[in-house]
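**Student:** sharing a sequence plus its predicted fold:
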Amino acid sequence: MIDKTVASVAEAVADIHDGATVMIGGFGTAGMPAALIDALIAQGARDLTIVNNNAGNGDTGLAALLKAGRVRKIVCSFPRQVDSWVFDELYRSGRIELELVPQGNLAERIRAAGAGIGAFYTPTGYGTQLAEGKETRRIGGRDYVLEYPIHADFALVKALRGDRWGNLVYRMTARNFGPIMATAAKCAIAQVDEVVALGALDPEAIVTPGIFVRRVVQVARCAPTGATEAGPPPAGARRQERAA
């Protein structure tokens, strides 16, 4: 019987190794798998390369992972915002490496990895510092830059519901980068609000098929930051379906 569910977030991230490339879903805090990040901090893996849309907010989640000194390099589109003081301090002091990627290019480089595309040309970034040292080509009278896929060892994503096969559905903007990151990683780990019975998900609503997911862990919405255990909600509890 195929059953990809695991009992705790600690178990879910136990084999993330030093030096791994880890994709983390989330658009800011929308769809960020906070419990998995907290478990990764507790697990202790370091010298990580993180692929994310930004470089953390405030002092929690991804920012807490950076603050713990576990990240060697971050690949993102928006490293700085009003509450990015953790990244700012690390970058200014030379303690973290940054690869800046325009958001459309970031999404396409991740998608290309999952789709088996070797490289692609894009006009975004041509003529800027982001294109320095990269192959360029003129196609149809327009200039393009050659970009390569971003592959990962692990992907940490958050979904609304999943089943034991790993099929996932998402909640509104919490969906963001999760589906393409799951396809681009050797091991995709999904934090879900609810694990439902096999067959309970409408096949037409499934965004990430279970073939791309290695592990599923249920984390109750009310779980406090830093929780390492996951379990079902109290019987009869009604879930508030909002993107967190």
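**Tutor:** Everything's here; your move. Predicted model, so just to flag it, every value in this text is computed and none were measured.
**Student:** from here on, just use CA atoms for contacts and neighbour counts.
**Tutor:** Fine.
**Student:** any idea which helix is longest in this protein?
**Tutor:** In the chain, assigned by DSSP state H, the helix with the most residues is helix 103-115.
**Student:** got the contact list for stretch 7-18?
**Tutor:** Outside stretch 7-18, the residues within contact range by Cα atoms under 8 Å, 6 or more residues apart in numbering are 6, 35-36, 39-40, 43, 45-48, 154, 189, 191, 215-218, 228-231.
**Student:** just the CA trace of that stretch, in CSV.
**Tutor:** Extracted in CSV, the C-alpha atoms of stretch 7-18 (Å, rounded to 0.1, in the frame of the first residue of the first chain):
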residue,chain,number,x,y,z
ALA,A,7,4.1,11.2,11.7
SER,A,8,6.0,14.5,12.3
VAL,A,9,7.8,17.4,10.6
ALA,A,10,11.0,16.2,12.3
GLU,A,11,10.7,12.9,10.5
ALA,A,12,9.8,14.6,7.2
VAL,A,13,13.1,16.6,7.1
ALA,A,14,15.4,14.2,8.8
ASP,A,15,17.5,13.3,5.8
ILE,A,16,18.1,16.9,4.5
HIS,A,17,21.9,16.9,4.4
ASP,A,18,24.6,19.6,4.8
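**Student:** shaky segments in the protein?
**Tutor:** 222-244 (pLDDT under 70).
**Student:** please, where are all the strands along it?
**Tutor:** Assigned by DSSP state E, the chain shows strands spanning 21-24, 48-51, 71-76, 97-100, 120-122, 136-139, 142-147, 152-162, 168-169, 185-195, 215-218.
**Student:** residues contacting stretch 195-207, please?
**Tutor:** Contacts of stretch 195-207 (Cα under 8 Å, 6+ apart): 161-165, 167-170, 179, 217-218.
**Student:** do stretch 61-81 as well
**Tutor:** By Cα under 8 Å, 6+ apart, the residues outside stretch 61-81 that reach it are 32-34, 37-38, 40-41, 44-57, 59, 84, 86-88, 95-103, 106.
**Student:** quick check: closest non-adjacent residue to residue 125.
**Tutor:** residue 131 (5.8 Å; Cα to Cα, 6 or more residues apart in numbering).
**Student:** circling back: nearest to residue 120 among the contacts of stretch 195-207?
**Tutor:** residue 179 (20.0 Å; Cα to Cα).
**Student:** grab the nearest non-local neighbour of that closest one.
**Tutor:** Leaving aside its chain neighbours, residue 179 sits nearest to residue 208 (5.6 Å; criterion: Cα to Cα, 6+ apart).
**Student:** so the one you found sits against residue 163, correct?
**Tutor:** No: look at residue 208 against residue 163 with Cα atoms under 8 Å: they stay out of range, at 11.2 Å.
**Student:** what's the most buried one of the strands of the chain?
**Tutor:** Among those, strand 215-218 has the highest mean neighbour count (mean count of other Cα atoms under 10 Å), at a mean of 29.
**Student:** can you dump the C-alpha atoms of that strand in PDB for me?
**Tutor:** C-alpha atoms of strand 215-218 as PDB (Å, rounded to 0.1, in the frame of the first residue of the first chain):
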ATOM      1  CA  ARG A 215       6.400  12.800   1.900                       C
ATOM      2  CA  VAL A 216       3.200  14.400   3.300                       C
ATOM      3  CA  VAL A 217       2.900  15.600   6.900                       C
ATOM      4  CA  GLN A 218      -0.200  17.100   8.500                       C
END
